[in-house]
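Participant: Got a predicted model here, sequence first, then my questions.
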Amino acid sequence: MTNSNVQRVLVTGAAGFLGSHLTDRLLDLGHEVIGVDSMITGSADNVGHLTGHPRFKLLTADLARGLPPEIKEQTFDRIWHLASPASPVGYVKQQVITLKVNAIATIELLELAEKSHARIFVASTSECYGDPLEHPQKETYWGNVNPVGMRSMYDESKRFMEAAAMVYHRERGVDTRIVRIFNTYGPRLAVDDGRVVVAFIKQALHGEPLTVQGDGTQTRSLCYVDDEIRGFLLLMESPDYHLPVNIGNPDEVSVMHIAEEIKALCGSKSAIQHAPLPPDDPRQRCPDISLAKSLLGWKPTISRRDGLLRTIEYYRQKLGISAAV
Ligand code: UDP
């Protein structure tokens, strides 16, 4: 590191949902952040408040086309690789880019980390568990993934990302961290992202039917973004641990319950209606977070109700909707 406390940091996906929240925290900590984003699923709005910030610079570049020279030629203390479409709707629209940004860009960033002697954090996913046969999911579970299905460009490229991080750590001594992110929600998810929380909030605030896919008995475990980012920072600065770590909230609920709760918290009269289940939709999803607790002293602290209320308030303002409908 160049100075005892201040880090020179690269954040890929800095204008995305998680990347922009992470960038805010890193700047709060006094670090210097170079962000890179293709703006395919990220948005200038997410980092608009950072315009002119003396320690933040944003480059627009698609890492699926290779690392831009202005990044390759620099050195960093920390590299955070968060760039990727991350919603089932988003990655099916950008299949090749999803594959390349998680596979090829990961390799290039690992090489940059090796050259820079940087510590690198790669954003993997609970999708590595596929439709899990073990519940809740521990990091030691190898998963049940369809390698050729409609989510495979995401699931398999994230599994490759993990393999790549381990290879560069073992063979080249790169200082790697791997997080497995479970469903995370909060302000700055794109309104048309398609992920369940933002889809239901948007529908409830507009008085439109909430579209529960399938019978709604499938489960997810929702983590508020501030808790997730706190876990990321602890993992990045944790002592030598290179295997994947689950960061997610084990508070598991059915999708139907999420619909009913969001409808009630929005004070909405919307109907709940069923829609077809997307292919390879996992039946259940719940992290075992014993490792994060023992290794990092991390556990989520924001209740689903509080997190949803904060998120609803953000979208009320963003969509310009004040009254319940
Ligand atoms: N879902 C739903 N209605 C929507 C969007 C999602 O019922 O409008 C369901 C989806 O079928 C899945 C769960 O919500 O079972 C979570 O979906 P999401 O796209 O948020 O993320 P995933 O966990 O599948 O990656």
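Facilitator: Received the coordinates, thanks.

Participant: quick one, phi psi at the residue in the stretch 201-325 of the chain positioned nearest to the ligand?
Facilitator: Closest to the ligand within the stretch 201-325 of the chain is residue 213: 3.5 Å, counting by CB to the nearest ligand atom. Where C-beta positions appear, they are placed from N, C-alpha and C, glycine not excepted. With angles defined as degrees, to the nearest 10, residue 213 sits at phi -80, psi 130.

Participant: for this protein, what spans make up the helices?
Facilitator: For the chain, the helices defined by DSSP state H occupy 17-28, 44-47, 69-72, 88-93, 95-116, 152-172, 196-206, 225-236, 255-266, 290-296, 304-319.

Participant: and those helices, which one is worst for confidence?
Facilitator: Among the helices of the chain, helix 88-93 carries the lowest mean pLDDT, a mean of 90.

Participant: tell me which parts of this structure are close to the ligand?
Facilitator: Residues of the chain found near the ligand (CB under 6 Å from any ligand atom) are 87-88, 183, 194-196, 199, 211-213, 218, 220, 255, 277-278, 281.

Participant: Whichever of those end up buried, select them in ChimeraX.
Facilitator: Here is the ChimeraX command that selects the buried residues among the residues of the chain next to the ligand (16 or more other CB atoms under 10 Å):
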select :87,88,183,194,195,196,199,212,218,220,255
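
Participant: Which of the residues of the chain next to the ligand sits closest to residue 300?
Facilitator: Of all these, residue 183 has the smallest distance to residue 300: 12.0 Å, by CB to CB.

Participant: wait, what's in contact with the closest one?
Facilitator: Neighbouring residues of residue 183 by CB atoms under 8 Å, 6 or more residues apart in numbering: 126, 195, 196, 197, 220, 221, 222, 223, 248, 285.

Participant: Can you get me a residue count around residue 226?
Facilitator: Residue 226 is flanked by 18 other residues according to other CB atoms under 10 Å.

Participant: Does it touch residue 22 like I think?
Facilitator: No - Residue 226 lies out of contact with residue 22 (CB atoms under 8 Å); the separation is 10.9 Å.
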